[in-house]
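K.L.:
Structure, please.
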Amino acid sequence: MGEIAKADPIDCRRCDAVCCRLSVTVMPDDAVPGYLLDTDEAGRTVMARNDEGWCAAIDPYHLRCTIYSQRPAICRQFAMGGDDCRLVRQDYRRQQHDASTIFSTLHP
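P.N.:
Coordinates of the predicted model:
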């Protein structure tokens, strides 16, 4: 894998909230409200997603977690600007670029 770009400062207020589109496994000790839980195809308890693929706990107008004080442990460990954050953002940008390239090739 390539070098993680650290030149850009990370600020969640100016982000596509890419981390809030990841699958989040909920652990037994997590105090997530039940209405926000789902089960994945492997039978694990995960955060539910809305129709657009966002975590169901996200306020879509403000891109903020509505259960911030009760968010799962994995979300607490996903540090803004940390290596995981930067890797996910790089992957997302690459996917967006690839999709744009494909679209422009199909629709010149």
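K.L.:
quick one: pLDDT of residue 21?
P.N.:
The predicted local distance difference test score for residue 21 is 81.
K.L.:
Report the separation between it and residue 38.
P.N.:
For residue 21, the distance to residue 38 (CB to CB, to the nearest Å) stands at 14 Å. To be clear about C-beta, it is placed using only N, CA and C from the backbone, and glycine gets the same treatment.
K.L.:
ok, now residue 80?
P.N.:
As it turns out, when the distance is counted by CB to CB, residue 80 lies 25 Å from residue 38.
K.L.:
what's the nearest residue to residue 47 if we skip its chain neighbours?
P.N.:
What sits nearest to residue 47 in space, not counting adjacent residues and going by CB to CB, 6 or more residues apart in numbering, is residue 24, at 4.1 Å.
K.L.:
My error: substitute residue 38 in the last question.
P.N.:
Residue nearest to residue 38 in three dimensions, not counting chain neighbours: residue 48, with 4.0 Å by CB to CB, 6+ apart.
K.L.:
Now for the one you found: which residues touch it?
P.N.:
With CB atoms under 8 Å, 6 or more residues apart in numbering as the criterion, the residues that contact residue 48 are 35-38, 55-56.
K.L.:
Okay, and which of the residues you listed map to helices?
P.N.:
Applying DSSP state H to these, no entry is found in helices.
K.L.:
how about those residues, which pair is most distant?
P.N.:
In the contacts of residue 48, two members sit farther apart than any others by CB to CB. They are 35 and 55, at 13.0 Å.
K.L.:
Neighbour count: the two, which is higher?
P.N.:
Between residue 35 and residue 55, counted using other CB atoms under 10 Å, residue 55 has the larger neighbour count: 24 against 8.
K.L.:
all helices of this structure, in order?
P.N.:
Assigned by DSSP H, the chain shows helices spanning 73-77, 83-106.
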